[in-house]
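Asker: after the sequence you'll find the predicted model.
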Amino acid sequence: MTCREALNLVPLLLDGELESRQMRALVMHSTRCTPCETELRQLERLQEMVSDSVNARVDELDLSNFWPNIEQRLGTLELSWWHRLRTWWDTSERRWTVQIPAFAAAAAVIAGLALVFFFRNPQTLPDPAGAQVADNTATIEQLETDADSVAVVNDPETRTTALWLVDDTVPGETP
């Protein structure tokens, strides 16, 4: 790493924006190069002084009336119909008079759906143990083709044979 590259990376190091590889290279360079190490130390000291100054000024600020002043300027908030309905729903004097019938209706719907699914006619599925499996085995004794490429795949597990013919000739052209 050159001094010029190192000096360009020093501010990024102090801001914590360097990748570990770049950080290692910069630190290694600055340990071997006195001018770059001096520059790094000076910028660290400057950053520390600025941070201390800003923190001291922030500590001097009186923020006790900050939120009350903001709250005062906000004014009233117009609630949406959904929020008003939700507030009405949650009030203690109307809660049980509406919620119990609503929960009962929801339970009745769920029970009805459960009965429909429970008592519907089940579809009979074929018994895989007793089912007859068709024999898809094929035997190719002879293949005559003008195609450029032929592929045959035989899968004994599924008893399936696949045959691909690829013809690269252009229509109207004689081979």
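Answerer: Received, thanks.
Asker: contacts and neighbour counts: CA atoms only from here.
Answerer: Fine.
Asker: nearest residue to residue 150 other than its sequence neighbours?
Answerer: With CA to CA, 6 or more residues apart in numbering as the criterion, residue 150 has its nearest non-adjacent residue at 4.7 Å, and that residue is residue 165.
Asker: same check, this time on residue 37
Answerer: Here the nearest residue to residue 37 in space, its sequence neighbours aside, is residue 30; by CA to CA, 6+ apart that works out to 4.7 Å.
Asker: ok, now residue 6?
Answerer: Nearest in space to residue 6, with sequence neighbours left out and distances taken as CA to CA, 6+ apart, is residue 26 at 5.8 Å.
Asker: now do the contacts for that neighbour.
Answerer: By CA atoms under 8 Å, 6 or more residues apart in numbering, the residues touching residue 26 are 1, 6, 9-10.
Asker: show me which of these are buried.
Answerer: Among those, those scoring as buried are 6, 9-10 (criterion: 16 or more other CA atoms under 10 Å).
Asker: pretty sure residue 13 is in contact with residue 23, am I right?
Answerer: Yes - with contacts counted by CA atoms under 8 Å, residue 13 reaches residue 23, the gap being 6.7 Å.
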